[in-house]
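Chemist: I would like to see how this sequence folds:
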Amino acid sequence: MNRIWCATVLCLLVVAVSGVDAGEPATSSFVPRASNLIIPQSRSFAVAGGAAAASRAQPQITGVTVGVVIVDQAATTTMDVAIANRSGRPQEAEMLVPVPDGAALRGFTFEGAAAEPTAELLPKEKAKGMYESIVAKVRDPALVEFAGYNLIRTSVFPVPANGTQKVRITYDHLLHADANRVDYFLPRSESLAVNVPWQISVKIKSKQAITAVYSPSHNVITANQSRHEVAVQLASGAGTEPGPFIMSYLVESGSVTASLMAYPDAKIGGGYFLLLAAVPPAEAGNAAAKAVGREVTLVIDRSGSMAGQKMEQVRAAALQVIDGLFDGERFNIIDYSGSVASFAPAPVVKNGQTIEDARHYIRGLTSSGGTNIHDALAEALRQKPADGLLPVVLFLTDGLPTVGVCDEVAIREAAIKGNPHNRRIFAFGVGYDVNAPLLNHLATNSRAVSTFVLPEENVEDKISQVYRRLTGPVLASPKIESLDSSGAITTRRVAELQPGVLPDLFEGDKLVLLGQYTGEQPLRFRLSGEYRGTPRTFEFTFALNSASVRNNFVPRLWASRKVGFLVDQIRQAGATVKLPATAAPTVTDPRMKELIDEIVRLSTEFGILTEYTAFLATEGTNLAQPDEIIRQATSNLASRAYGDRSGMAGVNQDMNANFQRAQASSYRRNEYLDRNMNRVQVATVQQVSDRAFFQRGNRWIDSRAVRSAADGKAADAASARTVEFGSPEYFRLVDRFVNENRQSTLSMPGEILLNVDGENVLVK
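Modeler: Numbering: from 1, shown residues only. Coordinates of the predicted model:
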């Protein structure tokens, strides 16, 4: 990083230029070309005009649209920035755009009549002197996070009075490749306060088949145009998610393609890793690449509470599922209320006659009676599947068990002991009157997922969304093992894998496995399973010399999944632990104490909050008092995770847990559903670079400083070494953090209490 650190510290300089006294010499001069500077990745700034500038409305960025075209590792990025001027007079602006190392400017245009548009890529060697001379007087450190990137600077462009200006920047750069993985990176602010909506779309073209596209930073939607072309766009709601946009794609290199991203962490003797693996899409007409066939059993709740629109939607969904099967695949329909009935005594092959019979059967389903979940489940699981087919159950209910065996523990045991054929149970809970942790248990213990259909949602749509994902199983019953240098299975190199049980991979799926590793020698893995109907094993070896703190999303993703897993363990334990209605909300089982301690530790260290630990973000919580924090977390988990198993307050918890366990992108906003199904967002905890910060007044406290406080070093200004903003010591700290790729930790407003090499440092 030493060779690139100077370039975009200039974006800091230009913001600060108004703080340089007239006539005061600077190491290097910088003169703004306009009274306003636009930083698309951050915000706009007034840099000239004194009181007059302060009194008028600054132009504001209202939206950024980014289009990226990648052709065999060469990327062209086009950034369209919309800028609104809400004042009654025209204003002038220039734009500064942080770009990755190696970027080459292709074009700059804007709307309207003005001087000929020009732009330049600022050379890095000119930046450092101006940085030190100007930033010493700056009180807004926001753009420190862009130190280390190249910088494009444009000429002046007009922003009309009460109007909008659109500006376009285009640049090219060659993407970094790590074996069969290609990485794209778009710098953006990590600040939660930046809420400018972004639209990002990417078109990838590759000579080699593209096996997977993955973004650890944002939730994306992908569409395969062919084996060699993929279209990618941000999912709904991801446009305001902060942080750089990071995207990787894998290209074909055998039957299963895999790559590893590693983050080093000395305190665990190695670090964290993310293993990304995928199966290449099948070529049209290639019989050898045929997917595994499916055997689908639909289990439909027809109790009295399903009457009306719900039953109509379920009938429509059932018809979609049956029609969506391929020729040669099998199906059955089991329907239940107080009693259990079935379309056929065993699954039948899909053909013209069985489909017509099934349609007639589905249309004849009526609603009445109670809910016999136990017997319906037992009937679905006892059927012996045909050889070579993946057995799948779509199990739907809208209520609690009211007929037959109603005990939750007994139903769980029946699902485990009565499932000798390892049927995957995709559970659907309709409405709030369901036992949410039971449905989660049925699904997760069988390599499946649970889905909750809220009262205002369409049952048919939810079932169809899940079923579409189950097209073409390509790697069934996958299992991964760690190997030593001689190829023998070992448990010494990797630990804490998330997920612990790998899901089946269907056509278009990717495997995202997270864990911890020890040592610095290459990691070896063996992946085995039913690959397109044939038992296969695949081995991979990954060197760790590319482990970097730039991969700071890896430990955060691991911790989020781990917290979701631990909460679910406590939630599931509530099936066997019955708290008296008058009992104090406490957990006496020592196994539960271990889980709660770990949840609190991970929540504090990584800043990943749940509804049970959200109190950590409140002003009055003393983070250096672990005993009190454990007590409050225990109270919350005992009363909620143990106690609330159905109703709105039960469903919300399992929806939150499902989100965390399946999380594949680094969600920074700590958002969750509360017991009333309201969406809650925590803004006083921020995950920046590889650290978590808790806000207390005008101060952001590094979670590592909190840990040192728990060991006897108080996390307050009195005990910390003080570094004044803009001082030579501050610049040395910035220089170090740039070299470590942690410069964004110095970009937050107000005071920052950091832990540096075990010492607490207060940046004022």
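Chemist: which secondary structure element contains Gln165?
Modeler: Using DSSP states H and E, Gln165 maps to strand 163-174.
Chemist: Which neighbours in the sheet does that strand have, and how are they oriented?
Modeler: Strand 163-174 has the following strand partners under DSSP bridges: strand 74-85 (antiparallel), strand 104-110 (antiparallel).
Chemist: What mean pLDDT does it get?
Modeler: In this model, strand 163-174 has a mean pLDDT of 96.
Chemist: center of this protein, which residue is that?
Modeler: For the chain, the residue sitting closest to the mean C-alpha position, by Cα atoms, centre = their mean, is Ser665 at 1.9 Å.
Chemist: do you know which of the strands paired with strand 163-174 lies nearest Leu319?
Modeler: Smallest distance to Leu319 across those (Cβ to Cβ): 44.1 Å, for strand 74-85. Yep, even glycine has a C-beta here, placed from its N, CA and C like the rest.
Chemist: Using PDB, list the CA coordinates for that closest one.
Modeler: Below are the C-alpha coordinates for strand 74-85, written out as PDB (Å, rounded to 0.1, in the frame of the first residue of the first chain):
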ATOM      1  CA  ALA A  74     -11.100  -5.500 -18.200                       C
ATOM      2  CA  ALA A  75     -13.700  -3.200 -16.600                       C
ATOM      3  CA  THR A  76     -15.300   0.000 -17.800                       C
ATOM      4  CA  THR A  77     -17.100   1.900 -15.100                       C
ATOM      5  CA  THR A  78     -19.500   4.700 -16.000                       C
ATOM      6  CA  MET A  79     -20.800   6.900 -13.100                       C
ATOM      7  CA  ASP A  80     -23.800   9.200 -13.600                       C
ATOM      8  CA  VAL A  81     -24.200  11.600 -10.800                       C
ATOM      9  CA  ALA A  82     -27.400  13.700 -10.400                       C
ATOM     10  CA  ILE A  83     -26.800  17.000  -8.500                       C
ATOM     11  CA  ALA A  84     -29.700  19.300  -7.400                       C
ATOM     12  CA  ASN A  85     -29.400  23.000  -6.800                       C
END
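Chemist: what's the offset of that strand from the middle of its chain?
Modeler: In terms of Cα atoms, centre = their mean, to the nearest Å, the centre of strand 74-85 is found 25 Å from the chain centre.
Chemist: That one: what's the following helix or strand?
Modeler: Strand 74-85 is succeeded, C-terminally, by strand 91-99 (DSSP H and E).
Chemist: Can you list the buried residues in that next one?
Modeler: Neighbour-count burial for strand 91-99, counted by 16 or more other Cβ atoms under 10 Å, picks out Gln91, Glu92, Ala93, Glu94, Met95, Leu96, Val97, Pro98, Val99.
Chemist: In contact with Gln569, which residues are there?
Modeler: Contacts of Gln569 were listed using Cβ atoms under 8 Å, 6 or more residues apart in numbering, and they are Leu595.
Chemist: Distance of it relative to Thr634?
Modeler: Distance of Gln569 to Thr634, given as Cβ to Cβ, to the nearest Å: 14 Å.
Chemist: now Leu400
Modeler: Taking Cβ to Cβ, one finds Leu400 at 27 Å from Thr634.
Chemist: Next: Glu116.
Modeler: Remark: distance between Glu116 and Thr634 (Cβ to Cβ) = 67 Å.
Chemist: circling back to that earlier point, who has more neighbours out of Leu400 and Thr634?
Modeler: Per other Cβ atoms under 10 Å, whichever of Leu400 and Thr634 has more neighbours is Thr634, with 22 against 17.
Chemist: Check which helices and strands the helix or strand containing the more buried one sits against.
Modeler: Following DSSP H and E, one finds Thr634 within helix 626-636. Here helix 626-636 touches helix 590-606, going by 3 or more Cβ pairs under 8 Å, 6 or more residues apart in numbering; DSSP states H and E.
Chemist: The helix it packs on versus helix 626-636: what angle between them?
Modeler: Interaxial angle, helix 590-606 versus helix 626-636 (axes from the mean of the first three to the mean of the last three Cα atoms, to 10 degrees): 120 degrees.
Chemist: if we can go back for a sec, let me see the contact set for the residue nearest to the centre of the chain.
Modeler: Ser215, Pro216, Ser217, His218, Asn219, Val220, Ala238, Leu557.
Chemist: Now with 7 Å, please.
Modeler: For Ser665, the contact set (Cβ atoms under 7 Å, 6 or more residues apart in numbering) comprises Ser215, Pro216, Ser217, His218, Asn219.
Chemist: Also Lys479?
Modeler: Lys479 sits next to Leu502, Ser528, Gly529 when contact means Cβ under 7 Å, 6+ apart.
Chemist: right, and the first one touches Glu481 too?
Modeler: Read it as Leu502. No - using Cβ atoms under 7 Å as the test, Leu502 is too far from Glu481 to be in contact (11.1 Å).
Chemist: need the strands for the stretch 451-600 of the chain, in chain order.
Modeler: Using DSSP state E, counting those that start in this stretch, the strands of the stretch 451-600 of the chain run over 473-483, 494-498, 505-506, 510-518, 523-531, 534-542.
Chemist: where does the chain have low pLDDT?
Modeler: For the chain, the stretches with pLDDT under 70 are 1-31, 48-56, 123-140, 283-289, 577-589, 707-718.
Chemist: Domain map for it?
Modeler: Partitioning the chain according to automatic domain parsing yields domains covering residues 7-251, 258-282+474-550, 293-471, 552-681, 697-764.
Chemist: Same list (those) but as CSV, adding distance to Asp690.
Modeler: Output for those, formatted as CSV (distance: least, Cβ to Cβ, whole Å):
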stretch, distance to Asp690
domain 7-251, 11
domain 258-282+474-550, 5
domain 293-471, 29
domain 552-681, 4
domain 697-764, 7
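Chemist: Gln687: which of the ones you listed is closest?
Modeler: Using Cβ to Cβ, the domains of the chain put domain 552-681 closest to Gln687, at 4.9 Å.
Chemist: How far away from the center of its chain is that closest one?
Modeler: Centre-to-centre, domain 552-681 and its host chain are 18 Å apart (Cα atoms, centre = their mean).
Chemist: Now do the end-to-end distance for that domain.
Modeler: Across domain 552-681, the terminal residues are separated by 22 Å (Cα to Cα, to the nearest Å).
Chemist: Name all residues that make contact with Val159.
Modeler: Val159 is in contact with Pro59, Ile83, Asn85, Pro90, Gln91, Ala93, Gln165, counting by Cβ under 7 Å, 6+ apart.
Chemist: Can you give me the distance of it to Val97?
Modeler: Distance of Val159 to Val97, computed by Cβ to Cβ: 17 Å.
Chemist: cool, Asn162 as well?
Modeler: For Asn162, the distance to Val97 equals 26 Å [Cβ to Cβ].
Chemist: Arg556 now?
Modeler: In terms of Cβ to Cβ, Arg556 sits 27 Å off from Val97.
Chemist: same thing with Val69?
Modeler: Distance from Val69 to Val97, by Cβ to Cβ: 18 Å.
Chemist: repeat for His441
Modeler: Per Cβ to Cβ, His441 is found 50 Å from Val97.
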